[in-house]
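predicted model, plus sequence, below.
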Amino acid sequence: MKAKLTIAGLMIAGSMSAQVDLAIGNIDAGWDTYNTAGQITGVYFDVLNNENGSSGAFDVMVYLVNPNNSNESYVVYTYNDANGQNGNTVVTYTDIDIDFNDTPGIPAGEYRLAVCVDPDDDITETDENNNCLYISTQGNNLVYNPSTTGLDVYNNDAVSLYPNPAQDFVSIRFNSELENYVLTVSDITGKTVKSVVLTTAQAQLNVTDLTAGIYFYQVVSADGKVVSTGKLIRK
């Protein structure tokens with residue numbers, strides 16, 4: 001009898017049976033961009049069938065996992081591969097966009113991203129110890145700050161950054177109603193790399209110490225509400 005998936009340790013215990021062995025992430029896994037408001041784009045990973053038999057249909061699930069308590073996890077994406085997978089094949093899943101806000105009840109905090117193939121143990125395998133994988137490396141946590149009132153409250157016209165792409169300094173213009181709000185800039189892992197208090201309808205940000213790449217900004221009110229988000233490119 002096979003045990004149900006336990007996110008702790010990201011391992012699945014199984015029994016010896018038909019020649020099917022699904023494995024995940026053995027070749028490559030990752031994502032393109034992430035912002036702290038919960039949008040992650042371009043998630044990709046691979047699924048292998050290392051044995052000769054055809055697997056039949058299976059599910060793939062992506063989780064947010066508390067890095068300090070792996071028993072706390074949230075399913076943020078599910079895909080059913082109804083066609084299954086033939087033996088000795090690899091299939092790469094790409095361009096998966098996920099909004100963590102679509103999963104109710106995820107508190108603000110830091111999380112690791114994990115993916116599992118056949119999490120419900122629908123398929124009996126010769127080896128089920130390789131069915132799960134952390135997509136994010138240890139210490140490379142995703143910082144998540146959900147909006148308490150939903151993404152539809154964002155007013156991305158309220159703030160403008162220029163030049164964008166930027167090389168040395170970025171000028172920030174914003175509506176006067178946002179004065180004394182805080183604008184933070186995060187890298188693709190969700191780590192805050194810059195912050196500035198918005199005052200007198202204009203502010204300036206020095207980005208000379210940032211490496212070239214894509215960053216994300218958000219404007220946060222005193223009560224923690226995200227009121228505007230956007231992308232900043234450092235060239």
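Right, received. Where do you want to start? Numbers count the residues shown, from 1 in each chain.

who's in contact with the residue positioned nearest the centre of the chain?
By Cα atoms, centre = their mean, the chain has its centre lying nearest to residue 40, at 4.4 Å. Applying Cβ atoms under 8 Å, 6 or more residues apart in numbering to residue 40 gives the contacts 31, 33, 34, 97, 98, 100, 113, 142. (Each C-beta comes from the backbone N, C-alpha and C, glycine too.)

can you rerun that using 10 Å?
31-34, 62, 64, 76-77, 96-100, 113, 135, 142, 144, 188, 190 (Cβ atoms under 10 Å, 6 or more residues apart in numbering).

and if you look at residue 217?
35-36, 159, 161, 164, 170, 172, 183-186, 194-196, 205, 228-232.

so where does it fall, helix or strand?
Following DSSP states H and E, one finds residue 217 within strand 213-220.

that older thread, so what pLDDT did the residue nearest to the centre of the chain get?
Here, the pLDDT recorded for residue 40 equals 92.

from the chain's centre, how far out does the longest strand seen in the chain sit?
What stands out as the longest strand in the chain, according to DSSP state E, is strand 69-81. Centroid separation between strand 69-81 and its chain, computed with Cα atoms, centre = their mean, to the nearest Å, is 12 Å.

isn't residue 23 right up against residue 91?
No: here residue 23 does not reach residue 91: they are 11.4 Å apart, not a contact under Cβ atoms under 10 Å.

three-state assignment of residue 59?
strand (DSSP: H, G, I helix; E, B strand; the rest coil).

can you pull out the helices in this protein?
For the chain, no helices are identified by DSSP state H.

could you chop it up by domain?
Using automatic domain parsing, the domain ranges for the chain come out as 8-144, 151-234.

ok, of those domains, where does mean pLDDT dip lowest?
Across the domains of the chain, the lowest-scoring stretch is domain 151-234, with a mean of 81.

measure residue 65 to residue 87 for me?
30 Å (Cβ to Cβ, to the nearest Å).

just the C-alphas of the strand holding residue 217, formatted as CSV.
Provided in CSV are the C-alpha atoms of strand 213-220 (Å, rounded to 0.1, in the frame of the first residue of the first chain):
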residue,chain,number,x,y,z
GLY,A,213,18.2,42.9,-15.2
ILE,A,214,14.5,43.0,-14.4
TYR,A,215,13.1,44.3,-11.1
PHE,A,216,9.7,44.9,-9.7
TYR,A,217,8.4,47.8,-7.7
GLN,A,218,5.4,48.2,-5.5
VAL,A,219,4.0,51.2,-3.5
VAL,A,220,2.7,50.2,0.0
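
and the longest strand of the chain, what does it pack onto?
On a contact count with 3 or more Cβ pairs under 10 Å, 6 or more residues apart in numbering; DSSP states H and E, strand 69-81 meets strand 39-49, strand 58-66, strand 89-99, strand 109-117.

save the ones you listed as CSV, and put in distance to residue 128 too.
As requested, those are exported to CSV (distance: least, Cβ to Cβ, whole Å):
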stretch, distance to residue 128
strand 39-49, 13
strand 58-66, 12
strand 89-99, 18
strand 109-117, 10
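
the strand holding residue 217 pairs with which strands?
Strand pairing for strand 213-220, determined by DSSP bridges: strand 182-186 (antiparallel), strand 226-234 (antiparallel).
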